[in-house]
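Asker: sequence first, predicted coordinates after that:
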Amino acid sequence: MEVCVAQSWSDLQALLFEGAWNERILRYRSPCAFRGLDDAGHRLATSLARLGGDSARLERHLIRNFIKYAHRDVVERDSLWHWLSVAQHHGLPTRLLDWTHSPLVAMHFATARAEAMERDGAIWSINYERAHRLLPAVVRDALDREGANAFTTEMLAHTVTTLDSLEAMSAQSFLLFFEPPSIDDRIANQYALFSVMSSAAAGVDDWIARHPALCRKIVVPAALKWEIRDKLDQCNITERVLFPGLDGLSRWLARQYRARA
């Protein structure tokens with residue numbers, strides 16, 4: 001896996017948008033998914049994995065009970081992928097991992113916490129178009145029929161009906177990316193993607209170890225974080241936009257008026 005260290009704001013931009021030119025359509029369209037972390041030492045661990053213990057065994061119980069009790073607040077859909085998206089969005093531990101199409105959104109999450117400004121951050125990128133070429137044929141063919149480069153929940157629902165059937169498609173765990181439904185403005189504004197491993201016991205880090213050429217880790221030095229943060233704020237990439245509503249407004253104001261250490 002390639003590991004780069006950004007030397008400046010402009011260098012970070014160049015690294016994030018490298019390879020975005022698409023010769024086939026003559027447009028700049030990056031094939032990568034991005035994930036920003038405020039600590040470069042953090043792994044790409046899902047909230048399910050962070051539960052500890054035999055989290056894979058607990059997964060079906062978490063999902064079953066979420067669906068059971070969420071009926072009063074959520075419009076019911078007969079799709080596993082819809083329910084997983086809603087659950088992840090509202091904080092239930094799942095095997096999903098949050099990503100974004102937007103390098104700037106990833107930069108926000110690498111620099112959003114003032115208490116982490118003294119630690120190097122990181123932005124991970126995975127070429128999801130190439131990753132999808134490695135999928136089992138039945139899943140890859142569903143993507144090709146649509147002429148799409150990422151799945152939607154509806155596309156997955158027609159191909160994979162249960163998590164058990166997802167895992168049974170291949171003896172070796174695989175990674176796919178899908179776009180969640182626009183449940184609210186937060187998902188749309190964050191230009192969100194979710195990744196899912198075919199096995200709850202396997203991690204994205206395990207997949208990267210097998211396919212290092214498809215991943216890049218860009219380290220954001222602590223010395224650059226305040227400059228990046230201030231420039232993102234001027235570009236209106238803030239909590240007020242990415243978390244619409246009073247909660248996001250409050251988080252933005254609290255960060256804006258916090259004294260710099």
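Answerer: The structure has been received and is ready for your questions.
Asker: list the residues that contact residue 20.
Answerer: Residue 20 is in contact with 28-30, counting by C-beta atoms under 8 Å, 6 or more residues apart in numbering. Where you see a C-beta, it was placed from the backbone N, CA and C, and this is true even at glycine.
Asker: counting neighbours, which of those residues comes out on top?
Answerer: residue 30 (20 neighbours; other C-beta atoms under 10 Å).
Asker: and that residue, how far from residue 238?
Answerer: Remark: distance between residue 30 and residue 238 (C-beta to C-beta, to the nearest Å) = 22 Å.
Asker: with residue 82 instead?
Answerer: For residue 82, the distance to residue 238 - C-beta to C-beta - is 29 Å.
Asker: cool, residue 25 as well?
Answerer: Residue 25 is 31 Å from residue 238, by C-beta to C-beta.
Asker: which one's more surrounded, these two?
Answerer: Using other C-beta under 10 Å as the criterion, residue 25 and residue 238 rank with residue 238 on top: 21 against 8.
Asker: which parts of stretch 209-229 are buried?
Answerer: Residues 211, 214-221, 224-225, 228-229 are the ones in stretch 209-229 that count as buried (16 or more other C-beta atoms under 10 Å).
Asker: please report how far residue 138 lies from residue 81.
Answerer: According to C-beta to C-beta, residue 138 stands 16 Å off from residue 81.
Asker: these two: which has the busier surroundings?
Answerer: residue 81 (24 against 12).
Asker: ok now stretch 133-148, how far from the chain's centre?
Answerer: Using C-alpha atoms, centre = their mean, to the nearest Å, the mean C-alpha position of stretch 133-148 is found 20 Å from that of the whole chain.
Asker: next, the buried residues of it.
Answerer: 134-136, 139-140, 142-143.
Asker: now secondary structure, pLDDT and distance to residue 64 too, for the residues you listed, in CSV please.
Answerer: Output for the buried residues of stretch 133-148, formatted as CSV (DSSP: H, G, I helix; E, B strand; the rest coil; pLDDT from 0 to 100; distance: C-beta to C-beta, whole Å):
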residue, secondary structure, pLDDT, distance to residue 64
134, coil, 95, 31
135, coil, 94, 27
136, coil, 94, 26
139, helix, 91, 24
140, helix, 92, 30
142, helix, 90, 26
143, helix, 91, 29
